[in-house]
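K.L.:
The following comprises the amino acid sequence and a computationally predicted model.
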Amino acid sequence: MLDSSPLHDRLQRMSETPQGLPLVGALTGFRDAGLVVRQITDALRVEGDDTAIVRFDTDSLIDYRSRRPKLSVAAGSIVDVEMPELRIDLLHDELGAPYLFLNGAEPDFHWEQIAEELASIIRDLEVPSTTFIHSIPLPVPHTRPTQLTVTGNRQELVDSLSVWSPTTQGPAHALHLVERRLQERDHPVTGLVTLVPHYVLDTEFPGAAIAALAATSTATSRMFATEPLREQERFFQNVMQEYLAKDTDTAELVKKLEVRHDAYLAQVPSSGSFAGSDGSLPSADELAEELERYLANRRPFDAQ
């Protein structure tokens, strides 16, 4: 049974929020391959600006023993303890068009209640569509454009944006449950999942963030600034190129990934899946294991 006490606070500015705005959601906490969610949150939210229209009770939602708040100490004094947030912000795109952004920490508890309360907020604000952003690691090369797999009930987006449509099982994110509950209500919802090279799992991979924002633009008819991310992507590619020039063994393994990646894409139509007819994963286990072994202690730079 759901708790009768609400887990969110609708702030005063929510009453002033226009109806009919699309909602974008990206939460940190679980399997943020390439730190895509963190990069997107930094790109969309201006630090210091208070644009929240809804705040959730993270004291009731987060297990601080498994995800410790960030402590700042200076000159023998505790300067700050940064507590996690879960909120909905009213933001504006590059052209000034408004949209809603659900961001912050994925909850550890009360998933069903959060899904119910988000559905209520979406109904009250007459949100026309909801788009969630995720990322997962796969044995794909960093030298190719980032691809996506898409879920949801907006079939035109699933068909046009997905290059991999698996039939599989795995651990869920809280937003997966929200997506399912919204779909049961026939609310237009899309889950965008960027496919990140597994060997940059814990490193900022700007190319995936750019791909996610481009797909989100398609889903929401909003224009998102990507030039800072593009500059970071150019830097990332230059660093990787220099790294691989010094490590011929790893460079050869990446080349094999490129060949396998290109061969799979050549076998499927542009709206098809990045897999065989049964939706199975590309068989690159041997290459993945070799890359893990070579790169485990030889990353070009540490996760930021």
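P.N.:
Received, thanks. Residues are numbered from 1 along each chain as shown.

K.L.:
Relative to Asp80, how far out is Phe205?
P.N.:
29 Å (CB to CB, to the nearest Å). For the C-beta atoms, the positions are set from N, CA and C on the backbone; glycine is no exception.

K.L.:
Looking only at neighbour counts, state which of the two leads.
P.N.:
Neighbours were counted for Phe205 and for Asp80 using other CB atoms under 10 Å; Phe205 has more, 27 against 11.

K.L.:
tell me the contacts of that one?
P.N.:
33-36, 142, 146, 196-197, 236 (CB atoms under 8 Å, 6 or more residues apart in numbering).

K.L.:
Just the ones in helices from the residues you listed, please.
P.N.:
Counting by DSSP state H, these place 36, 236 in helices.

K.L.:
Tabulate the contacts of Phe205 (CSV), appending neighbour count and distance to Ser129.
P.N.:
Conversion of the contacts of Phe205 to CSV gives the following (neighbours: other CB atoms under 10 Å; distance: CB to CB, whole Å):
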residue, neighbour count, distance to Ser129
Ala33, 23, 25
Gly34, 29, 25
Leu35, 24, 26
Val36, 30, 21
His142, 22, 31
Thr146, 24, 22
Val196, 28, 25
Pro197, 27, 30
Phe236, 20, 31
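
K.L.:
Please identify which of the contacts of Phe205 is nearest to Leu71.
P.N.:
Closest approach to Leu71 among the contacts of Phe205 (CB to CB): Leu35, at 20.9 Å.

K.L.:
Test my guess that that closest one contacts Pro206.
P.N.:
No - Leu35 lies out of contact with Pro206 (CB atoms under 8 Å); the separation is 9.4 Å.

K.L.:
What is the neighbour count of Leu95?
P.N.:
Neighbour tally, Leu95, other CB under 10 Å: 7.

K.L.:
From here on, call the first residue 181.
P.N.:
In the new count, where the first residue is 181, that last one comes out as Leu275.

K.L.:
which SS class is it?
P.N.:
coil (DSSP: H, G, I helix; E, B strand; the rest coil).

K.L.:
Contact partners for it?
P.N.:
Leu275 neighbours (CB under 8 Å, 6+ apart): Met403.

K.L.:
any idea how far it is from Trp291?
P.N.:
35 Å.

K.L.:
Ok, Leu341 next?
P.N.:
26 Å.

K.L.:
which secondary structure element contains Asp229?
P.N.:
If you go by DSSP states H and E, Asp229 is not part of any helix or strand.

K.L.:
packing partners for the host helix or strand of Ala389?
P.N.:
Ala389 belongs to helix 386-400 when assigned by DSSP H and E. Packing partners of helix 386-400 (3 or more CB pairs under 8 Å, 6 or more residues apart in numbering; DSSP states H and E): helix 216-224, strand 310-318, strand 328-332, helix 335-341, strand 369-377, helix 407-426.

K.L.:
right, so of these, which gets closest to His353?
P.N.:
For these, the distance to His353 is smallest for strand 310-318, at 6.2 Å, taking CB to CB.

K.L.:
and the closest one, which residues are buried?
P.N.:
Buried residues in strand 310-318, counting neighbours by 16 or more other CB atoms under 10 Å, are found at 310-318.

K.L.:
Check stretch 433-453 too.
P.N.:
For stretch 433-453, by 16+ other CB under 10 Å, it's 433-434, 436-437, 440-441, 444-445, 448, 453.

K.L.:
ok, those vs Thr348, which is closest?
P.N.:
Among the buried residues of stretch 433-453, and counting by CB to CB, the member closest to Thr348 is Ser453, at 11.7 Å.

K.L.:
Roughly how far does the residue nearest to Pro264 when sequence neighbours are not counted sit from Thr208?
P.N.:
Using CB to CB, 6 or more residues apart in numbering and skipping residues adjacent in sequence, the residue nearest Pro264 is Ala285, 3.9 Å away. Using CB to CB, one gets 6 Å for the distance from Ala285 to Thr208.

K.L.:
Could you list the low-pLDDT ranges of the stretch 331-480 of the chain?
P.N.:
Along the stretch 331-480 of the chain, the parts satisfying pLDDT under 70 run over 448-480.

K.L.:
now for the host helix or strand of Ser252, which elements pack on it?
P.N.:
Per DSSP H and E: Ser252 is located in strand 250-254. Strand 250-254 is packed against strand 257-262, with contacts defined by 3+ CB pairs under 8 Å, 6+ apart.

K.L.:
Kindly export the helix or strand just after the strand it packs on (C-alpha atoms) in PDB.
P.N.:
Heading C-terminal from strand 257-262, the first helix or strand you meet, by DSSP H and E, is strand 266-272. The C-alpha trace of strand 266-272 is given here as PDB (Å, rounded to 0.1, in the frame of the first residue of the first chain):
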ATOM      1  CA  LEU A 266      15.200  15.100  -6.300                       C
ATOM      2  CA  ARG A 267      13.300  17.900  -8.000                       C
ATOM      3  CA  ILE A 268      11.400  19.100 -11.000                       C
ATOM      4  CA  ASP A 269      12.700  22.300 -12.500                       C
ATOM      5  CA  LEU A 270      11.100  24.700 -15.000                       C
ATOM      6  CA  LEU A 271      13.800  25.400 -17.600                       C
ATOM      7  CA  HIS A 272      14.000  27.000 -21.000                       C
END
